[in-house]
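> Turn this into a structure:
(2 chains)
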Amino acid sequence: MSTVVPLSAQLINLFAAVILLLAFAMLAQRRVLPLINLFALQGLTLCLSTLVVAFSTGQAHLYGSAALTLVLKALLLPWILHRLVRKLQVKSDVEGLVNIPTTMLIGIVLVMVAFNVALPISQLASTISRGTLGIALASVMLAFLMMIVRTKAIPQVVGFLAMENGLFLAATSATYGMPMVVELGIALDVLVGAIILGVFFFQIREQFDSLDIRHLEKLKER
Amino acid sequence: MSISGLLWQFFAIALALALAPLLTGWVNQCRAWLQNRAAPPLLQPYFMLHKLFHKDVVLAHGASPLFVFAPYVVFGCMLLACAIIPTLSTDLPFAPAADTIALVGVFGLARLFIALAAMDIGTSFGTLGGRREMLIGFLAEPALLMVIFTTAMISQSTSVATIVETLAHGDFVINPSLAFAGIAFTFVSFAENARVPVDNPATHLELTMIHEAMILEYSGRHLALIEWAAALKLYAYSCLGLALFFPWGIAEGDSAAGLLLAISALIAKLAVGGALLALIETINAKVRIFRAPEFLGTAFLFAVLGLLVRLLLESRV
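Numbering: from 1, shown residues only, chains lettered A, B, ... in the order given. All right, here's what the predicted structure looks like:
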């Protein structure tokens, strides 16, 4: 490497790589509880990465975003999900529509696509963390993939929340985050979404005795 | 090529021969401690080798010369691998003999011969072990090559010595790609060395064996050579991993002070690495043989991700 890269940029890249790693780990995880823990870990990494960006660029409002991420995505949402799993007594095995190795291969292809799409965009950006845009896009797509291939309700919600993680990373890396109002709005949205989905889970299970949302496809008026 | 360099090269090979069974003994000891068993002595592998070298060889009827020949080839391959990998210094005469791709080939040659020898006798367990070994091998090799390509892209060379020099003595840079490559390499070395998630080295159950099933028919000095080669393989993989991902301490020239430092660093790193290996083996259960492709597929995935991350993040900043 010819030019010296500042340590903060290296750290941001490292955290972004860890987020990508965790996205793949979530994709490969068969059980519900470790899945939620991985999601919490991803939130924590996202918080650390935002902190480094905030510290190295002096963008004060990013500290607020980092705190919000920590409270919401690393603590509150995982706690709600844990409670849900305990109350619903979910059986631990997650069933997927596609088997795990195939999912991983599709994931790799998605990462390649995301990296190639993000390359020209990130060259236009002037932020310190522009290199991570590709990773952010990749984690959004991986979370999307998880929502598609999983048939149980809780992994789908985790996929939805992980997608928000990816979007947040994209916002941080491309433009140093969104305005605080928008961020607060999204945070509230995600929180309320998770709570409402939690209520839905109970309804779904009451109807079908299972959280497999494939049952929903057979809904009929009686 | 200086005389002292040549001497140090031979010393490095002798050290590999001496340390390899010790490393196996250390891993076994740590494993026993972690599993609340009474540990075998640290020197147990040496006693084993001593016993086996003094026993007579019993050959099966119909064993072809290949069967007798294979242990020597396997042992030779592993010894060559230990000589190529810069365990002590990056400037020893054997280092330029082969690059990393050839190194993977050397491991492949050893695998080919041991699988052929396993099938040579014609027992069902030998054939079964040979097939399983080839299955694991053909999945592990691309992942290993991808790991090596990632490190080769960082240092712009496939020579092991150059890679280690670049990684150890360049400016301190955090390479996220190396983290991915390191995880992938760990997965691959567990599979290649017949360790727990893929194979259990201490098993007595023939149906679940991979490595052990292949060497069931060997006895006496042939078995000793194969056991020693297996220990050397573990040593070679450990040293390769240490050289690629924790290269600090490896000497550049052949000065005595640097090499002595390198020896103590190597032994300390191997002790920690062996204990970690035992820990990972203890907290994991052996997976079904049909899960092994998934395990190695994950390794391949991590290696490819490392390569991609390298292209995205580190090539142009």
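> the bottom helix or strand of chain A by mean pLDDT?
helix A:180-208 (a mean of 79; mean pLDDT, DSSP states H and E).
> Determine the set of other helices and strands touching it.
Judged by 3 or more CB pairs under 8 Å, 6 or more residues apart in numbering or on different chains; DSSP states H and E, helix A:180-208 is in contact with helix A:60-69, helix A:77-88, helix A:153-175. All C-beta spots, glycine's among them, are computed from the backbone N, C-alpha and C.
> Looking at chain A, what residue ends up closest to chain B?
Residue nearest to chain B within chain A: residue A:17 (3.3 Å; CB to the nearest CB).
> OK, contacts around residue B:11?
By CB atoms under 8 Å, 6 or more residues apart in numbering or on different chains, residue B:11 lies in contact with residue B:88.
> my guess is it is in a helix, correct?
Yes: checked against DSSP: H, G, I helix; E, B strand; the rest coil, residue B:11 lies within a helix.
> Excluding sequence neighbours, find me the nearest residue to residue B:94.
Distances taken as CB to CB, 6 or more residues apart in numbering or on different chains put residue B:83 closest to residue B:94, at 4.4 Å, once the chain neighbours are dropped.
> Need the winner for burial among the helices and strands packed on helix A:180-208.
Compared across those, helix A:153-175 shows the largest average neighbour count, a mean of 23 (mean count of other CB atoms under 10 Å in any protein chain shown).
> From the contact counts, what lies against that helix?
Secondary-structure packing of helix A:153-175 (3+ CB pairs under 8 Å, 6+ apart): helix A:7-28, helix A:32-57, helix A:60-69, helix A:77-88, helix A:100-124, helix A:133-149, helix A:180-208.
> And the residue nearest in space to the middle of chain A, what's its pLDDT?
Closest to where the C-alpha atoms of chain A average out (CA atoms, centre = their mean) is residue A:162, at 1.6 Å. pLDDT, residue A:162: 89.
> Residue A:43 is in contact with that one, correct?
No: counting by CB atoms under 8 Å, residue A:162 does not reach residue A:43; the two are 9.1 Å apart.
> From chain A, how far off is the nearest residue to residue B:108 once chain neighbours are set aside?
Spatial nearest neighbour of residue B:108, excluding adjacent residues (CB to CB, 6+ apart): residue B:141 at 6.5 Å. As judged by CB to the nearest CB, to the nearest Å, residue B:141 and chain A stand 17 Å apart.
> Contact partners for the nearest residue to residue A:61 once chain neighbours are set aside?
Nearest residue to residue A:61 in three dimensions, chain neighbours excluded: residue A:180, at 5.4 Å (CB to CB, 6+ apart). Taking CB under 8 Å, 6+ apart, we find residue A:180 in contact with A:61, A:64-65.
> all helices of chain B, in order?
Using DSSP state H, the helices found in chain B span residues B:3-34, B:44-53, B:65-84, B:100-120, B:124-155, B:160-169, B:176-192, B:211-214, B:220-245, B:256-283, B:292-309.
> picking up where we left off before, could you tell me how many residues sit around the residue nearest to residue B:94?
If you count neighbours by other CB atoms under 10 Å in any protein chain shown, residue B:83 ends up with 21.
> wait, it sits on residue B:98?
No: Residue B:83 is beyond contact range of residue B:98, at 9.3 Å (criterion: CB under 8 Å).
> Could you tell me how many residues sit around residue B:283?
As a burial measure, residue B:283 scores 9 neighbours (other CB under 10 Å).
> same thing with residue B:46?
Look at residue B:46: counted by other CB under 10 Å, it has 16 neighbours.
> Spit out the contact partners of it.
Contacts of residue B:46 (CB under 8 Å, 6+ apart): B:21-22, B:25.
> Tell me how far it lies from chain A.
41 Å.
> Let me see the contact set for the nearest residue to residue B:136 once chain neighbours are set aside.
With CB to CB, 6+ apart as the criterion, residue B:136 has its nearest non-adjacent residue at 5.4 Å, and that residue is residue B:191. By CB under 8 Å, 6+ apart, the contact set of residue B:191 is B:136, B:139-140, B:197-199, B:292, B:295-296, B:299.
> Please repeat the previous calculation with a cut-off of 6 Å.
B:136, B:140, B:198, B:296 (CB atoms under 6 Å, 6 or more residues apart in numbering or on different chains).
> Please work out which residue of chain B is closest to chain A.
Ranked by CB to the nearest CB, the top residue of chain B for proximity to chain A is residue B:176, at 3.3 Å.
> Was I right to think that residue contacts residue A:13?
Yes: Residue B:176 is within contact range of residue A:13, at 5.4 Å (criterion: CB atoms under 6 Å).
> Next up, the contacts around the residue of chain B closest to chain A.
By CB under 6 Å, 6+ apart, the contact set of residue B:176 is A:13-14, A:17, B:309.
> same thing but 7 Å
Contact partners of residue B:176, counting by CB atoms under 7 Å, 6 or more residues apart in numbering or on different chains, are A:13-14, A:17, B:309, B:313.
> Next to chain A, which bits of chain B? Give me the list.
B:171, B:173-174, B:176, B:179-180, B:293-294, B:297-298, B:301, B:304-305, B:308-309, B:312-314, B:317 (CB under 7 Å from any CB of the partner chain).
> Need the buried ones from those residues selected in ChimeraX.
To isolate the buried members of the residues of chain B next to chain A in ChimeraX, using 16 or more other CB atoms under 10 Å in any protein chain shown:
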select /B:174,176,179,180,294,297,298,301,304,305,308,309,312,313,314
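> Tell me the spacing between residue B:81 and residue B:20.
Remark: distance between residue B:81 and residue B:20 (CB to CB, to the nearest Å) = 11 Å.
> Quick one: neighbours of residue 216, just the number.
Assuming you mean chain A. By the criterion of other CB under 10 Å, residue A:216 has 11 neighbours.
> looking at chain B here, not the other one
16.
> Kindly report the same for residue A:26.
The burial count for residue A:26: 24, using other CB under 10 Å.
> wait, doesn't residue B:197 sit right on residue B:286?
Yes: here residue B:197 reaches residue B:286: they are 6.4 Å apart, a contact under CB atoms under 7 Å.
> And residue A:159, what's its pLDDT?
pLDDT, read off for residue A:159, is 88.
> Check residue B:53 too.
Value listed for residue B:53 in the pLDDT field: 93.
> Next: the one 10 residues further on.
Model confidence at residue B:63, given as pLDDT, is 87.
> For it, which residues are in contact?
Going by CB under 7 Å, 6+ apart, the list of residues near residue B:63 reads B:120-121.
> any idea how far residue B:128 is from it?
Taken as CB to CB, the span from residue B:63 to residue B:128 is 18 Å.
> before we move on, what about residue B:20?
The value you get for residue B:20 to residue B:128, if CB to CB is used, is 27 Å.
> out of those two, which sits in the busier spot?
Neighbours were counted for residue B:20 and for residue B:128 using other CB under 10 Å; residue B:20 has more, 26 against 19.
> so what's that one up against?
Counted by CB under 7 Å, 6+ apart, residue B:20 has contacts B:231-232, B:234-235.
> now with 8 Å?
Applying CB under 8 Å, 6+ apart to residue B:20 gives the contacts B:82, B:228, B:231-232, B:234-235.
> Narrow these to just the buried residues.
Neighbour-count burial (16+ other CB under 10 Å) applied to those gives B:82, B:228, B:231-232, B:234-235.
> List just the nearest of these to residue A:99.
residue B:234 (32.0 Å; CB to CB).
> I figured the closest one hits residue B:26, correct?
No: contact criterion CB under 8 Å: residue B:234 and residue B:26 do not qualify, at 10.5 Å.
> Around chain B, which positions in chain A sit nearby?
A:1, A:3-5, A:7, A:9-11, A:13-14, A:16-18, A:20-21, A:24, A:28, A:100-101, A:104-105, A:107-108, A:111-112, A:115, A:118-119, A:131-132, A:134-135 (CB under 8 Å from any CB of the partner chain).
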